[in-house]
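Novice: I would like to see how this sequence folds:
(2 chains)
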Amino acid sequence: MTETSIIAPYYRQNEPQPGEPENWWRFFTFSTDHKVIGIQYIVTAFVFFLVGGFLAMVMRGELITPEADLVDRTVYNALFTMHGTIMLFMWTFPVLNGLANYLVPLQIGARDMAFPRLNAVAFWMVPVFGLILMASFLVPGGPSQSGWWAYPPVSLQNPTGNLINGQFLWILAVALSGISSIIGAVNIVTTIIRMRAPGMTFFKMPVFCWTVAAAQTIQLFGLPALTAGAVMLLFDLTVGTSFFDPATGGDPVLYQHFFWFYSHPAVYVIILPVFGVFSELFPVYARKPLFGYKFVAVSSFVITGLSAIVWVHHMFASGTPSWMRMLFMATTMTISVPTGVKIFAWVATVWGGKIRLTTPMLFALGGLVNFLFAGITGIMLAAVPFDIHVNNTYFVVGHFHYVIYGAAVMGIYAAIYHWFPKMTGRMYYEGLGKLHFVLTFVGVNLNFFPMHPLGLQGMPRRVASYDPEFAYWNVIASIGAFLLGVSVLPFLLNMISSWILGDKAPANPWRAIGLEWLVASPPPHENFAEIPTVVSEPYGYGKNEPLIAQQMVSTELASELS
Amino acid sequence: MKVRVILRLLLLAAIMTPISIWVGQQAYHWMPEPASEEALLVDNLFSFLTTLGTFIFLGVAGTLLYSVLFQRAAKYDEGDGPPIEGNLTLEIVWTAIPFVLVVWIAGYSYKIYDQMGILGPMEHVHMMGEAIAAPLTAAAPAQPESIEVHARQWVWEFYYPQAGVTSTELHLPNYTRAKLAMTSEDVIHGFYVPAFRVKQDVIPGRQVNFEFTPIREGTYRLRDSEYSGTYFAAMQANVVVESADAYHQWLNQAAAQVPQPGLNPSYVEYQVRVENRDSRPGWKTVTPAPAPLVNFPGSPDLPIPGP
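Specialist: Numbers count the residues shown, from 1 in each chain, chains lettered A, B, ... in the order given. Purely as a prediction, here's the structure:
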């Protein structure tokens, strides 16, 4: 390792960064502290989660009856476009960046990220492009109504004729989001490679850091393709170039390749850190080491590699020749192998343990079961003949939401509860947490399971109205959606009241093993008074071995003193 | 010890296998009544996938459930579980088994795909430009028996070149390979008849040929499956599969009819909006194409879904 193990000057311990307010106001400043930025990301993203969720509930209100009767069709189309865009670009990416920002330096024994100022820049772009996206509700013609894929030629049709239209602002926001994500990815990958504490080899690094590194690598190779596609789309829309418009000789299918080359791997950008969360939480609450740690760690990068060669499975019913369909069916199916390795490893970790069903454990277990279901429907979707039937139907919407809400959002909740004492120095209320879990788990399954029979029966996605034969399952799905809306209330109540009134949290309330649990809750500025020297693999539950060299000294001292 | 573990696993598999096979058989009923040769093949594949998927779901979720129910820490037990860090043989086995499974699934899917004989759109692409540039060499039309499918925002129109019939309802003879030559005038649309289990995007600027074989008389729904803008959800049409005799009778009758406006619910809905009879606020939309003049508009009634 490099010479990063410098003991911080004494005067900087337990103090806010020079020139920074010590109270809550620092969360509204251009702070370069990774812990402040992490919480900024998480809270900002959650606000947008509420906005996106509200849009989804209006959609489910429309879909509770077959006719397009609640809102105008243009409004419905804007709702699903903005719902998808907000949930992906303003909620899941930022909230996971927030978790990575908060946890990675603490878990690898660093005082901050590699580029603290760049870190702050990446964060502060989030509210900027968030506001640009929200502003599109106010321009004539309303927000983009072409879905979050923005497929041309639909996205190039501009009925108002204005230069500043919803689609224009959408492309601008997505491009800025891409730049912000690339900045964040450079920072996080550099931090993980260069800033690990002495002794922390890659195979002594927690799996959360492995999965974050694997996910952020995808951002580095994938986002340039999306950004290039977005710029070409912008030119087509504004200055009349013809990259994608068939009326003037462009190729709309080319855009689909640009878009999915990034946007399929993007799902792994979301789910990989959640796999990391599962890998951290199961050992803690089952009191056992992570089963097959090295397999689980390395499989993350196998997923990263394979994620780059599966994108055409989104286009099986589009303009793709047969050889391409068969090739991408094969690559898509192989990605289930490294994913299966992880699932089996988690089950084996939990097996025979001493399980504690705390709120984070419940969310992790619920997320795992939902992911298992989503993985099975995912393999089905990879099979071309079956996909041709359910492609662009609610079956895909159901599969996707089991991944994104059922697994990713539940994993994010698990992470927030698990590290809440570390972040705030307070304990949350277990009862409210369990209520939140029950409402979420029931809500997810009520909302998203009915989408599978709907898709099998042939209900296309993105419809504002549908034939009456689909009414039954749609009513159930809508009830589930409203339940999910309700489920957020105990969470908000829990977070806000616990942060203000909760019991003071000790440094390590879960008796967890990891560098972040060796420092106070919340951690002091710059995290570590002395950079620890790591001597063991993570997850040494039941092994009674020291994690860092400093513990060896103290146990020796203790035995000498006694 | 080892023998007992293996026996237990075998017993579990013996319980899970019939359950999985039963669920796999149920899967046939989750689909619409199959009305094409392709549908029979797809339903077999789906049943197979459901059987395998059920087995895996029961195995993994059942193991987790057992742990959660029976391996909980006692209330004041602060101890740790056994420090088992892994088992190389087990890890290799559970990497190899999924790999074998997906090779099996992919092989089976390939076989089904091959039997379906689906045309990828690139296999028989006729770029519009080429057709215009070479009128002399292309003296004989490529596929005279093809039915032309014209998609535009937001109405389907069908043209039977031999009989000179236009329609907004698709009629197909039973047990005959249906050949469609599909074009779009504006954006990407998707030709999707759930009862046939077939779907193909119609990409503007090229002709996309598509084939399947209906095998069951009845009326089905054609739905636009690629999001195409404001009235996307309303872009549906009825598909009537009838005996060859009835089909030819219909063609002859339709050919004798005077052209009249076809079915076009989106244009009707748009008129309501333009005349301010719709009080809900909305944003400006692309104007729907007016109803095309056709020999046979067809029935506006929804087909009754099959049993």
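Novice: chain center to the host helix or strand of residue A:230, what's the gap?
Specialist: Element membership of residue A:230 [criterion: DSSP states H and E] is helix A:207-238. Helix A:207-238 sits 14 Å away from the centroid of its parent chain (CA atoms, centre = their mean, to the nearest Å).
Novice: Averaged pLDDT, it. What do you get?
Specialist: What helix A:207-238 shows for mean pLDDT is 94.
Novice: next one: stretch A:90-104
Specialist: 97.
Novice: quick revisit: quick check: buried residues in the helix holding residue A:230?
Specialist: For helix A:207-238, burial by neighbour count (16 or more other CB atoms under 10 Å in any protein chain shown) applies to A:207-219, A:222-223, A:225-227, A:229-230, A:232-234, A:236-237. For every residue, glycine as well, the C-beta is placed using N, CA and C.
Novice: OK, now which residue of chain B is nearest to chain A?
Specialist: Distances between chain B and chain A by CB to the nearest CB are smallest at residue B:194, namely 2.5 Å.
Novice: Pretty sure that residue sits against residue B:223.
Specialist: Yes. Using CB atoms under 8 Å, residue B:194 makes contact with residue B:223 at a distance of 7.2 Å.
Novice: who touches both of these two?
Specialist: residue A:458 (CB atoms under 8 Å, 6 or more residues apart in numbering or on different chains).
Novice: OK, contacts around whichever residue of the stretch 401-550 of chain A sits closest to chain B?
Specialist: The stretch 401-550 of chain A approaches chain B most closely through residue A:458 (2.5 Å), counting by CB to the nearest CB. By CB under 8 Å, 6+ apart, residue A:458 lies in contact with A:389, A:393, B:32, B:192, B:194-195, B:221, B:223.
Novice: hmm, 6 Å instead?
Specialist: residue B:194 (CB atoms under 6 Å, 6 or more residues apart in numbering or on different chains).
Novice: next one: phi and psi at it?
Specialist: phi 100, psi 30 (degrees, to the nearest 10).
Novice: go on, residue A:515?
Specialist: Torsion angles, degrees, to the nearest 10, at residue A:515: phi -60, psi -30.
Novice: where does the residue of the stretch 401-550 of chain A closest to chain B land on pLDDT?
Specialist: The model reports residue A:458 with a pLDDT of 95.
Novice: With the one 10 residues further on instead?
Specialist: Here, the pLDDT recorded for residue A:468 equals 94.
Novice: Residue A:549 now?
Specialist: Note for residue A:549: predicted pLDDT of 84.
Novice: same deal with residue A:350?
Specialist: Residue A:350 carries a pLDDT score of 96 in this model.
Novice: how about it, what does it touch?
Specialist: Here residue A:350 is in contact with A:282, A:286, B:67 (CB under 6 Å, 6+ apart).
Novice: The first one falls within a helix, correct?
Specialist: Yes. According to DSSP: H, G, I helix; E, B strand; the rest coil, the state of residue A:282 is that of a helix.
Novice: looking at chain B, which residue lies furthest from center?
Specialist: Relative to the C-alpha centroid of chain B, counting by CA atoms, centre = their mean, residue B:76 is the outermost residue, at 55.6 Å.
Novice: From residue A:483, how far off is it?
Specialist: 36 Å (CB to CB, to the nearest Å).
Novice: And residue B:4, by the same measure?
Specialist: Distance of residue B:4 to residue A:483, given as CB to CB: 44 Å.
Novice: Between the two, which has more neighbouring residues?
Specialist: When residue B:4 and residue A:483 are compared for neighbours, residue A:483 comes out ahead with 17 against 8, by other CB atoms under 10 Å in any protein chain shown.
Novice: The closest residue to the more buried one other than its chain neighbours: which element?
Specialist: Nearest residue to residue A:483 in three dimensions, chain neighbours excluded: residue A:443, at 3.9 Å (CB to CB, 6 or more residues apart in numbering or on different chains). Here residue A:443 sits within helix A:430-448, counting by DSSP H and E.
Novice: the strands in the stretch 101-250 of chain B, which residues?
Specialist: B:126-127, B:147-152, B:155-160, B:165-167, B:170-173, B:178-184, B:189-193, B:198-202, B:206-212, B:218-224, B:236-242 (DSSP state E, counting those that start in this stretch).
Novice: Take those strands and write them to JSON lines, including mean neighbour count and mean pLDDT.
Specialist: Shown next, in JSON lines, are the strands of the stretch 101-250 of chain B (neighbours: other CB atoms under 10 Å in any protein chain shown; pLDDT from 0 to 100):
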{"stretch": "strand B:126-127", "mean neighbour count": "14", "mean pLDDT": "40"}
{"stretch": "strand B:147-152", "mean neighbour count": "20", "mean pLDDT": "95"}
{"stretch": "strand B:155-160", "mean neighbour count": "23", "mean pLDDT": "96"}
{"stretch": "strand B:165-167", "mean neighbour count": "23", "mean pLDDT": "95"}
{"stretch": "strand B:170-173", "mean neighbour count": "22", "mean pLDDT": "96"}
{"stretch": "strand B:178-184", "mean neighbour count": "21", "mean pLDDT": "94"}
{"stretch": "strand B:189-193", "mean neighbour count": "26", "mean pLDDT": "96"}
{"stretch": "strand B:198-202", "mean neighbour count": "27", "mean pLDDT": "94"}
{"stretch": "strand B:206-212", "mean neighbour count": "21", "mean pLDDT": "91"}
{"stretch": "strand B:218-224", "mean neighbour count": "22", "mean pLDDT": "96"}
{"stretch": "strand B:236-242", "mean neighbour count": "22", "mean pLDDT": "96"}
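Novice: Fine, thanks again, bye for now.
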